[in-house]
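# Mind looking at a prediction? Sequence and model below.
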Amino acid sequence: MSAPPSAAEGMKKQCTLDGKKIRGPITPLGNFVLVRTKESLDATDGGILLPDQSKERPTEGEVVAAGPGKLHPHTGVRITCPVVPSDSVLFGKFDGHDMTYNDEKVTMIRDDDILLYYRGIRMTLDNVIPCRDYVLVELSKGKAETKSGIVVAESVMKDYEPCEGRVVKVGEGRMTSTGEFSESPVKVGDRVKFRDYAGNGVKIEGKDHSLVRMVDILSALED
């Protein structure tokens, strides 16, 4: 009588990718990260959570597996991956490659696509960490006026994206060819202006924020 299959053999039989059997669990290489997509939720005034289907906001997901990181093409230094399995991440809506892994919808992204990550059930200002050279900015809201002082109607400005705000979180910095992080040009509390449409909008604790790369920040503003 043949011996029963081992747990490892059973796992191999269970793994499928886009409906086809594969020899085992997916192991991302280089700086690839396998993510299980989460459904984004918004709260109504009464506190009821509703799926957000109307805005093209960044995609939220949970890390299933992550590669060791990429090698710098000139120095050979490994640029380690910033996230580990079970971390929650936010990445661009159109980034990555969608797949079906073990009958579950997943996306394979690069660590360069990650805007921020956190550990916990939901994003809060306490637990979010901007990824590498990203800066989290709480957007400024005020009346829009022309140079002559005429106030512009809200209906006209509904698609306008603010490009000013106050820095609330700063990433580690841009990683250099030696594997070290360069210092951020701004710090928490600074009021900044960044390039139009350079930010990635995200709502945290009911307030509008934007994730901006350090190189897209134009200047610090005086209060």
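Happy to help now that I have it.

# which residues in the chain form helices?
Ranges of helices in the chain, per DSSP state H, are 7-14.

# What ranges in it fall below the confidence cut-off?
For the chain, the stretches with pLDDT under 70 are 1-13, 40-57, 142-160.

# Can you tell me how far residue 198 is from residue 141?
Residue 198 sits 18 Å away from residue 141 when distances are taken as C-beta to C-beta, to the nearest Å. (C-beta placed from N, C-alpha, C; glycine too.)

# which of those two has more neighbours?
Neighbours per residue (other C-beta atoms under 10 Å) separate residue 198 from residue 141, with residue 198 holding more: 16 against 11.

# Distance check, that one against residue 97.
For residue 198, the distance to residue 97 equals 25 Å [C-beta to C-beta].

# now residue 135
27 Å.

# do the same with residue 117
If you measure residue 117 against residue 97 using C-beta to C-beta, the figure is 20 Å.

# neighbour count winner among the two?
Applying other C-beta under 10 Å to residue 117 and residue 97 shows that residue 117 carries more neighbours, namely 22 against 10.

# Quick one: residues contacting that one.
Shown in contact with residue 117 (C-beta atoms under 8 Å, 6 or more residues apart in numbering): 63, 82-83, 87-90, 128-129, 131.

# which of these lies closest to residue 74?
Closest approach between the contacts of residue 117 and residue 74, by C-beta to C-beta: residue 82, at 20.9 Å.

# how far away is the nearest residue to residue 77 once chain neighbours are set aside from residue 214?
Sequence neighbours aside, residue 179 is the residue nearest to residue 77 in space, at 4.5 Å (criterion: C-beta to C-beta, 6 or more residues apart in numbering). According to C-beta to C-beta, residue 179 and residue 214 sit 18 Å apart.

# Give me the more crowded residue out of those two.
A direct count of neighbours by other C-beta under 10 Å for residue 179 and residue 214 places residue 214 higher, at 20 against 13.

# I'd like the distance between that one and residue 20.
Distance from residue 214 to residue 20, counting by C-beta to C-beta: 42 Å.

# Ok, residue 102 next?
The gap separating residue 102 from residue 20 is 12 Å, by C-beta to C-beta.

# circling back to that earlier point, looking at it, the residue nearest to residue 77 is touching residue 71, isn't it?
No - counting by C-beta atoms under 8 Å, residue 179 does not reach residue 71; the two are 10.4 Å apart.

# can you list residues touching both of those two?
Counting by C-beta under 8 Å, 6+ apart, the common neighbours of residue 179 and residue 71 are 77-79.
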